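Enquirer: sequence and predicted structure, then a few things I'm wondering about:
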Amino acid sequence: MKAKLLLVLFLVSLGLGAFASEHHRKKSHVRCKAHHKAAMTRAPFDPSIQAEGINDCLYLTFQFSLSDADITILDKDGNEVVKEQQTIIHEGRTISIPETDGYPYSVEITSPTVDIQGEIILE
């Protein structure tokens, strides 16, 4: 009986240790700067992108809308990871990147109204 109790406590402590190690993982963060092409804009524009690493894949979720955009994402060596041309970005759209050791990634989004440059880093 005592051995079973000790075995159960040992297994529970192993499980808790696995959960604790998950909290120390570095998270991906995207920093973006927008360069407006038009002299005046009607509303403030915040080009925010949410990055989340799940199962060896990096998912980028756009938090803004933009039409006729060219999206280019490069890894640290300058290799193209994502290249989409003349696409519509809408709020909630997701792009996946096979997560390798390519940090920092550079993001370039070009449209008729705004150019956005950013990078994806680990924090």
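Expert: Nice, I can see it.
Enquirer: and the residue most central in space within the chain, bridged to which residues?
Expert: Note on the chain: the residue nearest the mean C-alpha position is residue 51, at 2.1 Å, using CA atoms, centre = their mean. Judged by DSSP bridges, the bridge partners of residue 51 are residue 60.
Enquirer: for residue 117, see how far away it is.
Expert: 16 Å (CB to CB, to the nearest Å). From N, CA and C alone the C-beta is placed, and that goes for glycine too.
Enquirer: can you give me the strands in the protein?
Expert: For the chain, the strands defined by DSSP state E cover 28-36, 49-54, 57-62, 66-74, 80-89, 94-98, 105-110, 114-122.
Enquirer: ok, which of the ones you listed comes nearest residue 13?
Expert: strand 49-54 (26.5 Å; CB to CB).
Enquirer: which other helices and strands contact that closest one?
Expert: Packed against strand 49-54, as judged by 3 or more CB pairs under 8 Å, 6 or more residues apart in numbering; DSSP states H and E, are the following elements: strand 28-36, strand 57-62.
Enquirer: lowest mean pLDDT across the ones you listed, which one is that?
Expert: When those are ranked by mean pLDDT, strand 28-36 comes last with a mean of 84.
Enquirer: what's the angle between it and strand 66-74?
Expert: For strand 28-36 against strand 66-74, the angle by axes from the mean of the first three to the mean of the last three CA atoms, to 10 degrees is 130 degrees.
Enquirer: surely residue 61 meets residue 90?
Expert: No - using CB atoms under 8 Å, residue 61 is not in contact with residue 90, being 10.9 Å away.
Enquirer: those two: which is more packed in?
Expert: Of the pair residue 61 and residue 90, residue 61 is the one with more neighbours under other CB atoms under 10 Å, namely 15 against 11.
Enquirer: distance of that one relative to residue 95?
Expert: Distance of residue 61 to residue 95, given as CB to CB: 8 Å.
Enquirer: ok, which of the strands of the chain comes nearest residue 2?
Expert: Judged by CB to CB, the one of these that comes nearest to residue 2 is strand 49-54, at 41.2 Å.
Enquirer: tally of neighbours for residue 105?
Expert: Other residues near residue 105 come to 22 when the count uses other CB under 10 Å.
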